[in-house]
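In: Sequence first, predicted model second:
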Amino acid sequence: MNANIPTVENQIDIIKIAIDMHLKSYRVVRQLDFSAPQPAQRFEPAKFYPWLQKQIAHARRVGVCYEAGCFGYEPARRMQKLGAEVRVIAPQDWDEQGKGQVNDQLDASVMCRRLSDYLCGHRKALSIVHIPTPEEAARRAQGRLREQLRRHLARMRAMGRSLLLQRELVVKGRWWTAANWQRIEAQMPAWVIAPLELWKKIIAVTEGELAALEATLAAAAPKQLFVGEGELSHELIARELIDPHRFKNGRQVGNYFGLCPSESSSGERRRLGAITKHGSPRLRRLIDPARLARGHLPAAVSRDATLAKRAGLGRRQDFRRGAQESHRGAGAATGRRSVADRHRAHQGRGPWAGLASRRLS
C-alpha cells in the first residue's frame, strides 16, 4: 500500500439545525446533509454559540431555524454574524399526527425535518418571518408602544367605571373629568375615592405621553399620502409592514394582513368562508375593514369621485358583489383590494399610483 497517498477528509455540504428555545436551555436537533436527524441535544444558551461556531467550521453551509417569540431577533442576528443562515419561523403546533404527545425533543425534530424540506425547495414547509434590522425593529416598537398605551388607558378607564358601578353609580365615558369627578366625590365613600384618585393620575400621565407619541409619529409621515389616509395611520401601517418591497404580489400582502378567505373545496364544490385572520391583527385593526363594509368611506375619497372610481372604492357594485354575504365579508373583500392596491402603488403601478402623489385634503 502506498503510504504517500494523501487522505481526503469528507467535507459536509450543509448542516441543518433546529432549535426549540427556552430561557434556561436550548433543545437542538442536527442533521448532516441528507442523513437522518440526530437525537436532540440540550445546551445552555451561553454554550450553544461556541458549539455553533464549530459546526460552521466543519461545513460549507449551516442552516438554522427557530420559532419567533419572546426572544425576538437578537439570537438570529448573533448567529448570522457567526456565518449561519438563520430563518425565524412562525410558531405552530408540531404534533402533525395529532397524537397529543408534544415535547421539546419532538418539536425540534419536526422543525429540523421541515427545515431540510425547505432548503430542498419545498417553500411551504416553513412559514418564514422577516428578520428586521435593529433600526426597523426600533421604528416598529415605537409604533406598537401607542397600542400598548391605548390598551393601558382602556383598562384604567374600565376599572374606574366598574368600581363606580358596584356602588350603583353609572358614569358613561370619561369619569375622571372635572364635571363627573365632582359628582363622584360628593356621592362615593373614601375607600372608593382612594383608588380612583390613583387611576386618575395614571390616566392623566398616560394620556399626555400618548398624545406626545402620536404627534411624533404623525410628524414622521411623508408629505404625500394616499387620498383619505391620515399621517398617523400611514406611519403606523408603514412601520408595521417594515419593507413593502419584500412582498412579491398583492396576494402575499393580503395573506400578511390575514384577510384571505377560508376555503373548503372538493371536486366541483367550492365554498369560501370567513377570513382566516392568519396574519397580523395590528394591521387589520389599522385598516378597519368593518368601517369599509358599512360604507363609511374617507371624506377625501368621497369628495373626489374620479379618484374614488380609479381606486375602486365607494362603488356600489363592490358591495353588490357580496350581497349574499354579510357586511363584514364585504369589508374584508374591500380591505383585500385596498392593501393590494397599496402594494401596487409602492411599486409604481396600478390605479393607486396616481393617488399616492395627491396631498390629503
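Out: On my side now, so go ahead. Numbering: from 1, shown residues only.
In: what about the nearest residue to Ile12 once chain neighbours are set aside, how many neighbours?
Out: Closest residue to Ile12 apart from its sequence neighbours, by C-beta to C-beta, 6 or more residues apart in numbering: Ala59 at 4.1 Å. In this view, the C-beta of every residue, glycine as well, is placed from N, C-alpha and C. Neighbourhood size, Ala59 [other C-beta atoms under 10 Å]: 16.
In: again with the one 4 residues further on
Out: By other C-beta under 10 Å, the residues close to Gly63 number 20.
In: Just the C-alpha atoms of stretch 31-39, please, in CSV.
Out: The C-alpha coordinates for stretch 31-39 follow below in CSV (Å, rounded to 0.1, in the frame of the first residue of the first chain):
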residue,chain,number,x,y,z
GLN,A,31,-28.9,16.8,10.5
LEU,A,32,-25.8,16.3,8.5
ASP,A,33,-26.5,16.6,4.7
PHE,A,34,-29.4,14.2,4.0
SER,A,35,-28.8,11.7,6.8
ALA,A,36,-31.3,11.1,9.5
PRO,A,37,-31.7,13.8,12.1
GLN,A,38,-29.7,13.1,15.2
PRO,A,39,-31.1,12.9,18.7
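In: Next, the buried residues of the one helix or strand Trp181 maps to.
Out: Taking DSSP states H and E as the criterion, Trp181 maps to helix 178-187. Neighbour counts using 16 or more other C-beta atoms under 10 Å place Asn180, Trp181, Ile184 of helix 178-187 among the buried residues.
In: and that helix, how far out from the chain's middle?
Out: 42 Å (C-alpha atoms, centre = their mean, to the nearest Å).
In: what do you get for stretch 161-180?
Out: The answer for stretch 161-180 is 35 Å, by C-alpha atoms, centre = their mean.
In: what sits up against it?
Out: 157, 160, 181, 183-184, 187-189, 192, 195-196, 199-200, 203-204 (C-beta atoms under 8 Å, 6 or more residues apart in numbering).
In: pLDDT averaged over stretch 239-247, what's the number?
Out: Stretch 239-247 carries an average pLDDT of 88.
In: List the buried residues of it.
Out: Arg239, Glu240, Leu241, Ile242, Pro244, Phe247.
In: Please put the alpha-carbon coordinates of that stretch into CSV.
Out: Output of stretch 239-247 as CSV, limited to C-alpha atoms (Å, rounded to 0.1, in the frame of the first residue of the first chain):
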residue,chain,number,x,y,z
ARG,A,239,-43.7,50.8,10.4
GLU,A,240,-45.6,47.5,10.8
LEU,A,241,-45.1,46.5,7.2
ILE,A,242,-41.4,47.4,7.6
ASP,A,243,-40.5,47.0,3.9
PRO,A,244,-43.4,46.7,1.4
HIS,A,245,-41.0,45.6,-1.4
ARG,A,246,-40.4,42.3,0.3
PHE,A,247,-43.8,41.2,-0.9
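In: ok, residues contacting it?
Out: Contacts for stretch 239-247 (C-beta under 8 Å, 6+ apart): 130, 132, 136, 139-140, 142-144, 238, 253, 256, 280, 282-283, 286, 342-343, 346-347.
In: Can you give me the buried ones in whichever helix or strand Ile237 is part of?
Out: Using DSSP H and E, Ile237 sits within helix 231-241. Of the residues in helix 231-241, Glu231, Leu232, Ser233, His234, Glu235, Leu236, Ile237, Ala238, Arg239, Glu240, Leu241 count as buried by neighbour count, 16+ other C-beta under 10 Å.
In: next one: stretch 209-227
Out: Going by neighbour count (16+ other C-beta under 10 Å), the buried part of stretch 209-227 is Leu210, Glu214, Leu217, Ala220, Ala221, Leu225, Phe226, Val227.
In: Assign the third one to helix, strand or coil.
Out: Following DSSP: H, G, I helix; E, B strand; the rest coil, the label given to Leu217 is helix.
In: how near is the nearest residue to it once chain neighbours are set aside to Gln142?
Out: Among residues not flanking Leu217 along the chain, Glu235 sits closest, at 4.8 Å (C-beta to C-beta, 6+ apart). Using C-beta to C-beta, to the nearest Å, Glu235 is found at 10 Å from Gln142.
In: and what of Val171?
Out: For Val171 relative to Gln142 (C-beta to C-beta), the value is 33 Å.
In: All the strands of the protein, residue numbers only.
Out: 12-21, 26-32, 41-43, 59-67, 85-89, 128-129, 261-263, 272-275 (DSSP state E).
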